[in-house]
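Enquirer: My questions are about this predicted structure, shown below with the sequence.
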Amino acid sequence: MSILKRGLKGAPVKRLQEKLGITADGDFGPGTERAVREFQSANGLAVDGIAGPDTFSAMGLHELVLLRKGSRGAAVKRLQKGLGIGADGIFGSGTEAAVKEFQAANGIDADGLAGPQTLAMLDSFEEMTPAVAEAAEVQPDEEHFDSEPLPELKGTDVVTGSVIPVPEKKSVWGKVKGWFS
C-alpha cells in the first residue's frame, strides 16, 4: 500500500514532516508517528500513526497520494467512480486493469498505480491539478534520498531489498513505484 509509516525514509517522509511542523530529516521514527497520530486525532481521521491517502488529502499533501492494488477507502472509491467502474472502495485487480487501460489511453505509463499524474486527468479529483502532479517531482533538496537505502514493503511488513532504478524525471514516489514493479 502507498503509505508512510515508521521505518520508512525518503522525500515523501520529509514532506510529511515539514507539513507536520516537525524536524524534517526524512526518517519516519517515533516522533513522526506521534505527530501523525495527533494530526489524525485532531482532524477526525482514523488514528493509527500511518499516513495514507486520507491523511495526505486532509493535510493538503495531494502530491503524496498514490493508490495501488491493496489500497482501500474513500480515495479509491473516487478513483473507481472517475474510471466509470463499480465503486466499492477496494483497489483490486479490476481497478488495476481499469487504471492501466485509462493510463494507456491517455499517454501515461500504464503501470496500474494511480498517482497525481493519473488522478489529475480524472474529473473525480478536482484537487489534483497539473501543478500538483508537478509538485510530485523530486525537488533539488530531496535528491540525496535517492542514494539512501529504503525499506521495501511486502504486505504490511517492512523488509530491506533492492530497488528498481527510476527514470530521470523522478517522482517522490519513484522508489515506492519501483518496489511494486
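Expert: Structure received. Residues are numbered from 1 along each chain as shown.
Enquirer: least trustworthy helix or strand in this protein by mean pLDDT?
Expert: Lowest by mean pLDDT, DSSP states H and E among the helices and strands of the chain is strand 157-160, with a mean of 40.
Enquirer: which residue is nearest the middle of the chain?
Expert: residue 66 (3.2 Å; Cα atoms, centre = their mean).
Enquirer: Please enumerate the strands of the chain.
Expert: Taking DSSP state E as the test, the strands found in the chain are 151-154, 157-160.
Enquirer: Any idea how far apart the tips of stretch 5-21 sit?
Expert: This stretch, stretch 5-21, spans 17 Å end to end (Cα to Cα, to the nearest Å).
Enquirer: And the residue nearest to the centre of the chain, how close does it get to residue 46?
Expert: Distance, residue 66 to residue 46, using Cβ to Cβ, to the nearest Å: 18 Å. Heads up, the C-betas are built off the backbone N, CA and C, glycines and all.
Enquirer: same question, residue 56
Expert: 14 Å.
Enquirer: I'd like to know how far the closest residue to residue 34 other than its chain neighbours sits from residue 68.
Expert: Take residue 34 and drop its neighbours on the chain: the residue closest to it by Cβ to Cβ, 6 or more residues apart in numbering is residue 49, 7.4 Å away. Note on residue 49: its distance to residue 68, by Cβ to Cβ, is 21 Å.
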